[in-house]
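Undergrad: The amino acid sequence is not available; the structure is as follows:
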C-alpha cells in the first residue's frame, strides 16, 4: 500500500486494480492518477539502479508508456499493481545499465584501436567477401519477423527490452524470435562451411 500524500489514507489493492482496468480501456485520467501516485517511487528506484537522473527521468516515462500499452495484460495473480510497475521499472533500469556498460566497452575498444585501419591483403579481402556472401545467403532462411528482430536488436545494439519497445512486441516474443533466428543462422552457416 502506498500513500498518495501524508494527509490521505493508503490506497488499497482494489483501487489499484480499478485504475489498471480503466487504463486498459483507454482512460487517460486513470493513467494520470496512477502516475501521480507512483512516479516518485518508480523514479527513485531507477535513479538508484542507473545512478543517472537524466536516464531515470526518461525511463520513468517509458515505464508509464509501457503501463499504458500493457495494462490489459496485467494479471492480479502475478502480484500487486505496484509490484508489476516496479518490476517493469527495475527491468528497464537494468537494461539501460547493461546497454551503457556495453557502449562504454565498445567506445573504449574503439579508442584503444590503432588510428589507421590495417592494410589487408588480397587473400584476406577475398575471405571477408566470402564470409559476407555466406551471411547474406544465411539471412535468406529467416522468416521476415525473425530477420526484422535480428536487424533491430543487433544492428542497433539494443537490449531485448529496447528492441521489444521499438518493435512494439512483447519481450518474450523478441527473445524467442532471436533464439530461433540465431539457431537457423548457425545451421545455415555450418552447412555453408561443410560445402566448401
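TA: Sure thing, it's come through. Computed from a prediction, not measured in an experiment: that's the story for all the values here.

Undergrad: Give me the distance between the two termini of stretch 72-83.
TA: Using C-alpha to C-alpha, to the nearest Å, the end-to-end distance of stretch 72-83 comes to 16 Å.

Undergrad: Name the residues of it that come out as buried.
TA: Buried residues in stretch 72-83, counted by 16 or more other C-beta atoms under 10 Å: 74, 81, 82. All C-beta spots, glycine's among them, are computed from the backbone N, C-alpha and C.

Undergrad: Quick check, the first one in contact with residue 19.
TA: No - Residue 74 is beyond contact range of residue 19, at 10.2 Å (criterion: C-beta atoms under 8 Å).

Undergrad: Give me the common contacts of those two.
TA: By C-beta atoms under 8 Å, 6 or more residues apart in numbering, residue 74 and residue 19 have these common neighbours: residue 81.

Undergrad: any idea of the pLDDT on residue 123?
TA: Looking at residue 123, its pLDDT is 68.

Undergrad: got the contact list for residue 171?
TA: 160, 161, 164 are the contacts of residue 171 under C-beta under 8 Å, 6+ apart.

Undergrad: can we see that at 10 Å?
TA: By C-beta atoms under 10 Å, 6 or more residues apart in numbering, the residues touching residue 171 are 91, 95, 159, 160, 161, 162, 163, 164, 165.

Undergrad: export these to CSV and tack on distance to residue 147 and secondary structure?
TA: What follows is the contacts of residue 171, written out as CSV (distance: C-beta to C-beta, whole Å; DSSP: H, G, I helix; E, B strand; the rest coil):
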residue, distance to residue 147, secondary structure
91, 26, helix
95, 23, helix
159, 19, coil
160, 17, helix
161, 20, helix
162, 18, helix
163, 13, helix
164, 16, helix
165, 19, helix
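
Undergrad: Could you turn the buried ones of those into a ChimeraX selection?
TA: A single ChimeraX command selects the buried members of these (16+ other C-beta under 10 Å):
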select :91,95,159,160,161,162,163,164,165
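
Undergrad: which two from the contacts of residue 171 end up farthest apart in space?
TA: 91 and 163 (13.4 Å; C-beta to C-beta).

Undergrad: From the chain's centroid, how far away is stretch 97-105?
TA: Here the centre of stretch 97-105 is set off from its chain's centre by 14 Å, with C-alpha atoms, centre = their mean, to the nearest Å.

Undergrad: And it, what's buried?
TA: Buried residues in stretch 97-105, counting neighbours by 16+ other C-beta under 10 Å, are found at 97, 99.
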